[in-house]
Each structure stands twice: as structure tokens, then as C-alpha cells.
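# need a structure here:
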Amino acid sequence: MTLASLVIGVSFVASSLLTHFPVWGGQAIRFTAAALVLGALCGRRWRLVRTWPAGVWLRITGLAVTGMLGYNVAIITAERTAEPAVPGAIVGCAPLAVALLSPLMQARSPAARGLAAAGLVVLGTYIVQGFGRTDGSGLGWSAVALACEVTFTLLAAPVLRLTGPLLASACASGIAGLLAGATALAVEGTTWLRIPQAPEAAALAWQAVAATAIGFLFWCRGIDQVGAERSALFLGLIPLSAAATAPLVGTGHLSAAQLVGCLLVAGGVALGMSRTPGSCDPAPQEPPPS
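Predicted structure coming up:
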């Protein structure tokens, strides 16, 4: 989860190199390339997809639409009229939203310790990110990104127990690539077929291999192992990674307040992860034999 958060956070810097590249075309290239990388790693696991019921494919499509396409397009669109801190701060509320919604979906009350941990992460994220200038469009698309992230986390936990993280990541990437390609042809025509410039190609390569093939796979593995509530706490590490990377490319600096925010996020993650499995997400049940 930590590694996934770090590479996804760096992808925010990579996205700044793609402001002049067609949005949907870039997503099509990114996710198609990631699907090819992940698909090569699946090997004989591909035989298992024949046993999946339609409901599993529907959930995987939901992962592609929310956690891949919806989230990334919403972030890119929000940053056209808002400073990057705005979507970062709003998406930073995801741990608290998951801590509230996940127990309710399982007909149980949210744990006080889980809410406290999520609250520390959200507070630390706001201190690190701040809240920049925006307009109604920026706020709206930032809220869409938050909804996509929360929906993805809640959808992923049950389906990963049946499919495994690797196959789910490969299939979701393939579906996202197909949907983005079709949308690019409909919305952007053939303009997205142009050859990317060197910085754009480097950014797309990073997003495809590091942020998607590695980051998405590790994120899914984390959700599968620790559950939705505790995995959502690691979302607070993403803006920390972005804030730490920005000075390296000359687009920002770390302040004392941001360091305090980092400590709050780390404390929230430690508090949430220190709980016993019984006090967080219930242990996954094995699927009945076929």
C-alpha cells in the first residue's frame, strides 16, 4: 500500500506534462499499455476467467470506470480550473468516507478508533495540501474524483477475494483501455493518435507501468489483505508523495507545516493499522466450493 501510494503520488507530477495531450487518448494509451504488462504476468491464470459469473465482470467494469477512468479524468478536468491542491484536499476526505460507509454497508457501527485514525489522515492531508483557488467546475470535478475513489475502494474488497489482485488488475486495465479508446474516437476524433513528444511519452510510460501496472496492482493487493477501511488510510500518503516530489522538479517546497501534516498522516495510518483484524474489516470468507 505504501509503495502504491508513492508511485501514484509521483504520477500527479507526471500529469503536469500531459496538459496539452488529449485526455481520453492519453488514458487509452496508458491503460492499454498497463493491461499488456499485467496480462503478460498472469500466465496460466487467464484460464480462471472462464469460471467467473457475470456479476464479477460487472464489478471489474465498475473498478475500471470508477478507480481508473472516472478518477483520473475527473482529476485532470478539475485541475484545468483549480489549483492541484483543491482536488488533492477533497479526495483526501476518502479515508473518512470509507470509514463511515464500509461498516454501514456491512450492517455494523463504525469503530471509534477507525474514525479517529481516518480523521488524523484527513487533517494531515489538508495541512500538507492546503486549499487553493478554484471555481464551481473545479469543486464539482474534485467531488466526482472523491466519489470515484470511495466507490472503487468499496467495490474492490469483495471482488478481489474471488478473482485475486493480479487478474482483476489486468482485466480492469484492459476494460479501461477499451472504454477510453472508444471515448477518445468519439470525443477527440483522430487528434489523439499523434505521436507524443518526449516529455509526454515519458509521462505516459510512468503512468502506465509505475502508477497503473505496479501501483494499481499493489493497491488491489493491499485492499485484499487489510480490507477497505484500513487500506483507505493509505490514500493520505498520496499527497505526501506528491508534495515530497514537487521540490525535486522545482514546482514546490516543503514547509514546517507540511512536515507536521506528514506526521499526522503517519500517525493516523499507524493507529488504524494497529487494530486487530477483528476490530476492523471482518475476515474474508472462503467462497463455497464449485
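# can you count the residues close to residue 44?
Using other C-beta atoms under 10 Å, residue 44 is surrounded by 6 other residues. For glycine as for every other residue, the C-beta is placed from the backbone atoms N, C-alpha and C.
# Now do the same contact list for it.
Remark: with contacts taken as C-beta atoms under 8 Å, 6 or more residues apart in numbering, residue 44 is in contact with nothing.
# Kindly report the same for residue 180.
24-25, 27-28, 30-31, 69.
# switch to 10 Å and redo it
23-32, 64, 68-69, 72-73, 192 (C-beta atoms under 10 Å, 6 or more residues apart in numbering).
# Looking at these, which is nearest residue 144?
residue 73 (8.7 Å; C-beta to C-beta).
# Might you report the residue contacts of that closest one?
Per C-beta under 10 Å, 6+ apart, neighbours of residue 73: 23-24, 26-27, 141, 144-145, 148, 180, 183.
# Just send these back as JSON lines, with pLDDT and secondary structure too.
As requested, the contacts of residue 73 are exported to JSON lines (pLDDT from 0 to 100; DSSP: H, G, I helix; E, B strand; the rest coil):
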{"residue": "23", "pLDDT": "87", "secondary structure": "helix"}
{"residue": "24", "pLDDT": "91", "secondary structure": "helix"}
{"residue": "26", "pLDDT": "90", "secondary structure": "helix"}
{"residue": "27", "pLDDT": "91", "secondary structure": "helix"}
{"residue": "141", "pLDDT": "90", "secondary structure": "helix"}
{"residue": "144", "pLDDT": "93", "secondary structure": "helix"}
{"residue": "145", "pLDDT": "89", "secondary structure": "helix"}
{"residue": "148", "pLDDT": "93", "secondary structure": "helix"}
{"residue": "180", "pLDDT": "94", "secondary structure": "helix"}
{"residue": "183", "pLDDT": "93", "secondary structure": "helix"}
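# All set, thanks.
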